[in-house]
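In: Quick one: sequence and predicted model below, then my questions.
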Amino acid sequence: MLKIGAVAAGFTRDLEFDLSRIEALIRHGRRDEIQLLVLPDAALGGYLTDLSDPDLDDLPPALDPDDPLIAKVISMAGEMVVCFGFCEAAGPDRYNTALCVNGDGVLGKHRKVHQPRGERTIYAAGNEFAAFDTPLGRLGMMIDYDKTFPEAARALAVDGADLIACLSAWPTSITNRAPRMNEDRQSRLFDLYDRSRAAENQVVLVSSNLTGSIGSMRFLGQSKVVGPGGDIIARTWSKAGIAIAEVDVRGETETARRVLHHLDERRPEAY
């Protein structure tokens, strides 16, 4: 059995504050014996202030992967596997990046591939979806808008991922915000994509998201763990917290694939 935690929390431009919040979440996760902790996108430095017209004077701080703050998160993780997002500095470019780490170092890295319009003016795009081995099994990562595209999660599943971590900075609707968050169009889509990506690939999906707001952006929360049948096993709703689930990942995926094995029954030549 694997104990998984999907985090809903708010992060800011204050990197020391963010680091202390990450430390507290890891500490709480360790107290609850969580083995895989998935933090949101932009956990170090926060997200953009607006998707239509980002404030260029208030961008997330760009960090080199060798930055001491990254090293501190690695040290904090210890025996736990921790996924978190940050703005990566790579020469003249910035990337919206997710790292998967434990105390031994970096286990995997993903640069966000699919970008809404506002992000394209700030971030360069990643160019691949690749799974990687961890002490807990084979895992793949996506970053928020990536999960809108079925091909992203499918590529990770084909590459052997039994677990997919999707780290998000997913806001309420930009164009038609509902008065109540649970009635918001983006709230429905966020859940729909999480459940669909898990069910169509018959994998366990761990979905984290920001809470609170920055600039004009108000974030949904709704972090969750989804089983390979598309069932939500644990969730935070819109509040900050950790959705915790204990899952037999290999057993659940094998059961889901016993009669209908979606990956084996694909017909790529017909698509």
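Out: Noted; the coordinates are in hand.
In: Please count neighbours and contacts with C-alpha atoms only from this point.
Out: Fine.
In: So which residues of the stretch 101-250 of the chain form strands?
Out: 105-111, 132-134, 137-143, 163-168, 204-210, 213-214, 217-218, 224-226, 232-235, 241-247 (DSSP state E, counting those that start in this stretch).
In: where in the stretch 151-271 of the chain is pLDDT low?
Out: Within the stretch 151-271 of the chain, the segments meeting pLDDT under 70 span 176-178.
In: hmm, 80 instead?
Out: Scanning the stretch 151-271 of the chain for pLDDT under 80 picks out 173-183.
In: Check the stretch 1-150 of the chain too.
Out: In the stretch 1-150 of the chain, no residues with pLDDT under 80.
In: what's the closest of the strands of the stretch 101-250 of the chain to Ala125?
Out: strand 105-111 (6.9 Å; C-alpha to C-alpha).
In: re the thing from before, please identify the most buried of the strands of the stretch 101-250 of the chain.
Out: Ranked by mean neighbour count under mean count of other C-alpha atoms under 10 Å, these are led by strand 204-210, which reaches a mean of 32.
In: contacting residues around it?
Out: If you take C-alpha atoms under 8 Å, 6 or more residues apart in numbering as the criterion, strand 204-210 is touched by 4-11, 38-41, 162-170, 194, 197-198, 219-228, 249, 253.
In: List only buried entries from the residues you listed.
Out: For the contacts of strand 204-210, a neighbour count by 16 or more other C-alpha atoms under 10 Å gives the buried set as 4-11, 38-41, 162-170, 194, 197-198, 219-228, 249, 253.
In: For Val158, which non-adjacent residue is spatially closest?
Out: Leu263 (7.0 Å; C-alpha to C-alpha, 6 or more residues apart in numbering).
In: How about the contacts made by the one you found?
Out: 157-158, 201.
In: Helix or strand: which one has Ser52?
Out: Using DSSP states H and E, Ser52 falls within no helix or strand.
In: start the count at 48, not 1, going forward
Out: Renumbered: residue one is now 48, and that last one reads Ser99.
In: burial measure for the residue lying closest to it once chain neighbours are set aside, as a count.
Out: Counting by C-alpha to C-alpha, 6+ apart, Ser99 lies nearest to Gly165, which is 5.1 Å off, once chain neighbours are set aside. For Gly165, the count of nearby residues is 15 (other C-alpha atoms under 10 Å).
In: before we move on, back to that, need the three-state assignment for the residue nearest to Val205.
Out: coil (DSSP: H, G, I helix; E, B strand; the rest coil).
In: what do you get for Glu70?
Out: helix.
In: Tell me who's in contact with the residue nearest to it when sequence neighbours are not counted.
Out: Nearest residue to Glu70, sequence neighbours excluded (C-alpha to C-alpha, 6+ apart): Met123, at 6.7 Å. By C-alpha under 8 Å, 6+ apart, the residues touching Met123 are 70, 73, 150.
In: Who are the contact partners of the closest residue to Pro107 other than its chain neighbours?
Out: Nearest-residue entry for Pro107: Gly92, 5.0 Å, with adjacent residues in sequence omitted and distances by C-alpha to C-alpha, 6+ apart. By C-alpha under 8 Å, 6+ apart, the contact list for Gly92 reads 58-62, 65, 107-108, 133-134.
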